[in-house]
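J.: Got a sequence here, can you build the structure:
(one chain, ligands or ions: 1)
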Amino acid sequence: MSAPEFPMARAAECPFDPPPQLRAKQEEGPLAKVRLWDGSTPWLVTRYAEQRALLADPRVSADITRPGYPSPAPITDAAPVSFILMDDPEHARLRRMVTAPFTIKRMAALRPAVQQLVDEQIDQLLAGPNPVDLVQAFALPVPSLVICELLGVPYADHDFFQDNSRIIIKRDALPEERAAAGGRLAAYLDELVGQKLARPADDLLSGLAWRVRDGELSRREAARMGVLLLIAGHETTANMIALGTLALLEHPDQLALLRDTDDPAVVASAVEELLRYLHITHNGRRRVALADIEIAGQVIRAGDGLIMANDIGNRDPSVFPDPDRLDLRREARHHVAFGFGVHQCLGQPLARMELQVVYSTLYRRVPSLRLAVDLDQVPFKHDGSVYGVHELLVTW
Ligand code: HEM
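T.: Residues are numbered from 1 along each chain as shown. Below you'll find the predicted structure:
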């Protein structure tokens with residue numbers, strides 16, 4: 001039988017569930033061959049245990065320039081690549097430079113400011129038009145404002161960086177479109193690093209500018225790191241806010257649990273379950289084997305591409321019983337929504353904190369929040385590497 005195409009289509013009637021074909025593959029076994037846009041046939045890894053084992057294996061590379069890497073789209077030189085697509089020691093050298101601003105301790109210190117920001121955004125939402133698109137009016141501004149503040153990027157430029165980020169993560173963008181968007185963002189961040197070199201402030205980009213001045217980092221590397229942090233820092237969380245809200249509106253008993261509690265532990269566990277259940281990064285973790293690897297009775301050959309489909313990994317029934325049920329009370333923190341291994345999400349303490357503040361505030365302050373259209377009218381992002389909704393019309 002020939003290998004099925006990847007990515008696979010979701011069934012329209014269950015927008016929160018992984019594609020039925022992906023589930024069928026998981027039932028057949030932990031590894032299967034799939035076919036990509038370029039005709040290549042990497043391994044698709046569908047079960048949680050094998051995904052974690054391979055993501056933690058030093059014989060597995062995230063370097064997009066290696067032959068056999070299962071790229072989701074044609075690779076162009078102009079696309080700005082940072083440490084997410086590099087191996088150690090280069091990856092570790094660059095990642096270490098930006099870990100301090102994202103520690104759990106720093107996030108705890110930032111929490112009151114994020115709470116205030118979320119409250120202000122809700123004030124504006126309530127004072128504005130009703131119905132409104134929650135994506136534009138709330139879900140995108142909150143994480144964008146936060147990451148701009150942390151990086152030292154002017155929020156006034158949000159249309160520019162949000163539009164270009166959207167092109168980069170759009171699955172069917174033309175290679176030249178994606179390269180042009182990447183080039184524009186890299187030039188923008190390079191300009192900002194230049195400004196921070198001249199007038200340093202108390203922000204992450206100024207920290208990178210100091211390192212450029214000290215010769216630890218090239219200006220190009222600094223700009224590319226800035227692009228990675230800016231895109232990763234707003235797009236993902238924004239989709240979790242909008243899609244999470246939609247999932248909760250469709251599960252009113254679960255929404256009530258969240259709305260009626262003031263226990264931070266209940267909120268924290270709800271965030272983990274929503275991350276597990278929605279798993280918004282749909283392209284899988286892409287890797288290439290550097291050596292022969294024996295796993296689950298198969299031999300993955302050196303040079304074989306690997307795609308860890310973490311969305312179905314988070315629905316592995318041997319790890320999460322009754323996996324298709326959204327159950328905010330379940331213990332879900334060991335999900336793989338932030339990946340696993342050395343590339344595990346750097347921004348997860350920030351994402352968790354933002355989502356905890358948002359989910360514990362929005363539905364309490366707007367208890368009558370509801371969809372202003374039918375579910376089948378909601379435009380889902382089937383065309384991007386980050387899943388979510390293009391627009392969410394809500395009323396209250
Ligand atoms: C709910 C929100 C988020 C989700 C679901 C998410 C998901 C992920 C995943 C799955 C990876 C692993 C990529 C891989 O292994 O190939 C990753 C890496 C990364 N994420 Fe996030 N992320 C989120 C929020 C953030 C935020 C707020 C930031 C802030 C800057 C961020 C920055 C990064 C960076 C820099 C990496 C690369 C880490 C490395 O390669 O060492 N993410 N993220």
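
J.: Please give me every residue in contact with G347.
T.: Applying C-beta atoms under 8 Å, 6 or more residues apart in numbering to G347 gives the contacts F102, L229, A232, G233, T236. In short, each C-beta sits where N, CA and C put it, glycine included.

J.: Can you add secondary structure, pLDDT and neighbour count and give the residues you listed back as CSV?
T.: As requested, these are exported to CSV (DSSP: H, G, I helix; E, B strand; the rest coil; pLDDT from 0 to 100; neighbours: other C-beta atoms under 10 Å):
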residue, secondary structure, pLDDT, neighbour count
F102, helix, 95, 20
L229, helix, 97, 24
A232, helix, 93, 21
G233, helix, 93, 26
T236, helix, 95, 21
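
J.: from the residues you listed, which is closest to P349?
T.: Nearest to P349, judged by C-beta to C-beta, of the contacts of G347 is F102 at 5.6 Å.

J.: Pretty sure the closest one sits against M353.
T.: No - here F102 does not reach M353: they are 10.0 Å apart, not a contact under C-beta atoms under 8 Å.

J.: restrict the contacts of G347 to those near the ligand?
T.: L229, A232, G233, T236 (C-beta under 6 Å from any ligand atom).

J.: Tell me the one of those residues nearest D87?
T.: A232 (18.5 Å).

J.: List phi and psi for the closest residue to that closest one other than its chain neighbours.
T.: Closest residue to A232 in three dimensions, ignoring its sequence neighbours and counting by C-beta to C-beta, 6 or more residues apart in numbering: G347, at 6.0 Å. Dihedral pair for G347: phi -90, psi 10, per degrees, to the nearest 10.

J.: Also V288?
T.: Note on V288: its backbone torsions stand at phi -140, psi 140 [degrees, to the nearest 10].

J.: is it in a bridge, and if so with what?
T.: V288 has the following beta-bridge partners by DSSP bridges: S61, G305.

J.: Ok, the one 5 residues further on next?
T.: Each beta-bridge partner of I293 is listed here, defined by DSSP bridges: I300.

J.: from memory W43 sits against G305, does it?
T.: Yes - the criterion here is C-beta under 8 Å, and W43 meets it with G305 at 6.9 Å.

J.: Between the two, which is the more surrounded one?
T.: Using other C-beta atoms under 10 Å, the more surrounded residue of W43 and G305 is W43, with 26 against 23.

J.: What distance do you get for the more buried one to the ligand?
T.: Applying C-beta to the nearest ligand atom, to the nearest Å, the value for W43 to the ligand is 16 Å.

J.: Can you give me every residue that contacts that residue?
T.: Residues near W43 by C-beta under 8 Å, 6+ apart: L31, A32, K33, V34, Q298, I300, D304, G305, L306, I307.

J.: number of nearby residues for the fourth one?
T.: It stands for V34. 23.

J.: so it sits right up against S2, yeah?
T.: No - taking contacts as C-beta under 8 Å, V34 lies outside contact range of S2: 10.2 Å.

J.: Tell me where the chain has strands.
T.: 31-33, 43-45, 60-61, 132-133, 285-289, 293-295, 298-300, 305-308, 370-371, 393-395 (DSSP state E).

J.: would TSV of those strands with mean pLDDT be doable?
T.: Below are the strands of the chain laid out as TSV (pLDDT from 0 to 100):
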stretch	mean pLDDT
strand 31-33	97
strand 43-45	98
strand 60-61	98
strand 132-133	98
strand 285-289	98
strand 293-295	98
strand 298-300	97
strand 305-308	98
strand 370-371	98
strand 393-395	98
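
J.: So which bits of the helix or strand bottoming out on mean pLDDT in the chain are buried?
T.: Lowest mean confidence among the helices and strands of the chain (mean pLDDT, DSSP states H and E): helix 158-169, at a mean of 91. Neighbour counts using 16 or more other C-beta atoms under 10 Å place H158, F161, Q162, N164, S165, R166, I167, I168, I169 of helix 158-169 among the buried residues.

J.: Show me which residues of the stretch 1-150 of the chain are close to the ligand?
T.: So far as C-beta under 6 Å from any ligand atom goes, the stretch 1-150 of the chain lies against the ligand at A62, F83, I84, R95.

J.: Let me see the ranges of the helices in the stretch 1-150 of the chain.
T.: Listed in chain order, the helices of the stretch 1-150 of the chain (DSSP state H, counting those that start in this stretch) span residues 20-28, 48-55, 90-96, 104-127, 134, 141-151.

J.: now those helices in CSV, with mean neighbour count and mean pLDDT?
T.: Shown next, in CSV, are those (neighbours: other C-beta atoms under 10 Å; pLDDT from 0 to 100):
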stretch, mean neighbour count, mean pLDDT
helix 20-28, 17, 96
helix 48-55, 22, 98
helix 90-96, 15, 97
helix 104-127, 15, 96
helix 134, 23, 98
helix 141-151, 22, 97
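
J.: which stretch among the ones you listed comes nearest Q377?
T.: helix 134 (14.1 Å).

J.: Centre of the chain to that closest one, how far?
T.: On the basis of C-alpha atoms, centre = their mean, to the nearest Å, helix 134 sits 19 Å off its chain's mean C-alpha point.
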